[in-house]
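Chemist: Structure of the sequence below:
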Amino acid sequence: MAKQIGVDLGTSTTQIYLQGKGIVMRAPSVVAIEHASKRVIAVGSAAKRMLGKTPTAILAFRPVKDGVIADFDITSLMLNQFFQKVEAGSMLSRPSVVICVPYGITEVERRAVEDASYEAGARIVSLIEEPIAAAIGTGLRVAGARGNMIVDIGGGTTEVAVISLGGIVASNMLRVAGDAFDAAIVSYMKLRHSVLIGEMTAELLKIRIGSAHPKYDRGSMQVWGRSLRNGLAACITVQSAEIREAITEQLELIAASVKAALEDTPPELSADIFDTGIMLTGGCSLLPGLPQLLEESTGIRVHLAKHPFDSVCIGIGRCVETADSSEFIRRRR
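Modeler: The predicted model follows:
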């Protein structure tokens, strides 16, 4: 019997839900290939450890950028490797896949996700919009007439959606999220300390001492980089307030996106959102002080999801397990 799986194909992390078993894989969306032959050397955690450390013959990179597929062939190979690891299919029994896509992407980008899934070995591919999956995963009643707002801040995109009666009434998709935070930290270190650090070091700074609100100061951290003055290795001490300053512009863009979605929301639904609050989810929602920042910006209570990192995959999984969830997914073949 063909297995049914759910896939959260994220910019930074891919998660797989296997029917009857739950979430069986969380792996970085990173692939390492031989530059000349395009042969896959490693995927997932093994490939992520190679980022910024490879010789010229090997290329380690993320084939998914800003929530959409940037390299079709490599994405297909990565998904195929993941399917094999979770034993989701075989030559005689290919899996049925439900995979999420950002709400604001084009039809061409949607088609690329479908085709990559088929190339990876899927028998049937169904799409579900990421805000809907995230809302289901956080426990919101998306099928009811009461309005709900969800803010999903992932690695490549921030998606803001007002949901009612099983559909999206108002939305905003912003290609600013965790990766943009990391890039901003790299730029800040160059300008402020004249030291060049890698993206993985920037991500570590964000996780360990980053915050979105002055109330959440998290001390300091020492990091190594390359001095832009003499080209030698340099060790600097970075304060939590500096990380907050580095990502201020990105945080302001996210807050503005939430307010823009609220402005587009019908009055009746606005009243519902004011009563129930805003649900915040996604890996970057774990940045300390982010709920407080959005509360001050919008004047509406902000709730952090119980499992923000897994919300989308949990929502996809509930659709996989539930027979009457067809209204939320879109199937073509």
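
Chemist: Could I get the buried residue list for stretch 107-114?
Modeler: Within stretch 107-114, the residues that count as buried by 16 or more other Cβ atoms under 10 Å are 110, 112-114. In this view, the C-beta of every residue, glycine as well, is placed from N, C-alpha and C.

Chemist: Throw those into CSV and include secondary structure and distance to Glu249, thanks.
Modeler: As requested, the buried residues of stretch 107-114 are exported to CSV (DSSP: H, G, I helix; E, B strand; the rest coil; distance: Cβ to Cβ, whole Å):
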residue, secondary structure, distance to Glu249
Arg110, helix, 30
Ala112, helix, 30
Val113, helix, 30
Glu114, helix, 35
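
Chemist: Tabulate those in JSON lines, adding columns for pLDDT and distance to Ile278.
Modeler: Conversion of the buried residues of stretch 107-114 to JSON lines gives the following (pLDDT from 0 to 100; distance: Cβ to Cβ, whole Å):
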{"residue": "Arg110", "pLDDT": "91", "distance to Ile278": "27"}
{"residue": "Ala112", "pLDDT": "93", "distance to Ile278": "31"}
{"residue": "Val113", "pLDDT": "93", "distance to Ile278": "27"}
{"residue": "Glu114", "pLDDT": "93", "distance to Ile278": "31"}
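
Chemist: So which helix or strand of the protein has the lowest pLDDT on average?
Modeler: Within the chain, judged by mean pLDDT, DSSP states H and E, the helix or strand with the poorest mean is strand 329-331; its value is a mean of 59.

Chemist: which residues does Asp179 contact?
Modeler: Listed by Cβ atoms under 8 Å, 6 or more residues apart in numbering, the contact set of Asp179 reads 11-12, 66, 155-156.

Chemist: Go again with 7 Å.
Modeler: 11-12, 155-156 (Cβ atoms under 7 Å, 6 or more residues apart in numbering).

Chemist: Phi and psi next, for Val186.
Modeler: phi -60, psi -50 (degrees, to the nearest 10).

Chemist: follow-up on the earlier one: find the pair from the contacts of Asp179 with maximum spatial separation.
Modeler: Pairwise distances among the contacts of Asp179 were taken by Cβ to Cβ; the largest, 7.2 Å, belongs to Ser12 and Gly156.

Chemist: Would you quantify the distance from Pro63 to Leu18?
Modeler: Between Pro63 and Leu18 the distance, using Cβ to Cβ, to the nearest Å, works out to 23 Å.

Chemist: Compare those two (neighbour count), which wins?
Modeler: Higher neighbour count among Pro63 and Leu18: Pro63, with 23 against 19, using other Cβ atoms under 10 Å.

Chemist: ok, the more buried one touching Asp73?
Modeler: No: using Cβ atoms under 7 Å, Pro63 is not in contact with Asp73; the gap is 8.5 Å.

Chemist: Helices of this protein, residue ranges please.
Modeler: Applying DSSP state H to the chain gives helices spanning 45-48, 72-85, 107-119, 130-138, 178-193, 199-209, 240-246, 248-263, 267-276, 290-298, 311-321.

Chemist: So which elements touch the third one?
Modeler: The contact analysis (3 or more Cβ pairs under 7 Å, 6 or more residues apart in numbering; DSSP states H and E) places helix 107-119 against strand 68-69, helix 72-85, strand 96-101, strand 124-129.

Chemist: and the residue of the chain most remote from its centre, what is it in contact with?
Modeler: Taking Cα atoms, centre = their mean as the measure, the residue most remote from the mean C-alpha position of the chain is Asn230, 37.1 Å away. Taking Cβ under 7 Å, 6+ apart as the definition of contact, Asn230 has no neighbours.

Chemist: Would you list the phi and psi of it?
Modeler: In terms of degrees, to the nearest 10, the main-chain angles of Asn230 are phi -130, psi 0.

Chemist: what separates it from Val186, distance-wise?
Modeler: Plainly put, Asn230 is 19 Å away from Val186 if you go by Cβ to Cβ.

Chemist: again, but for Ile128
Modeler: Distance, Ile128 to Val186, by Cβ to Cβ: 33 Å.
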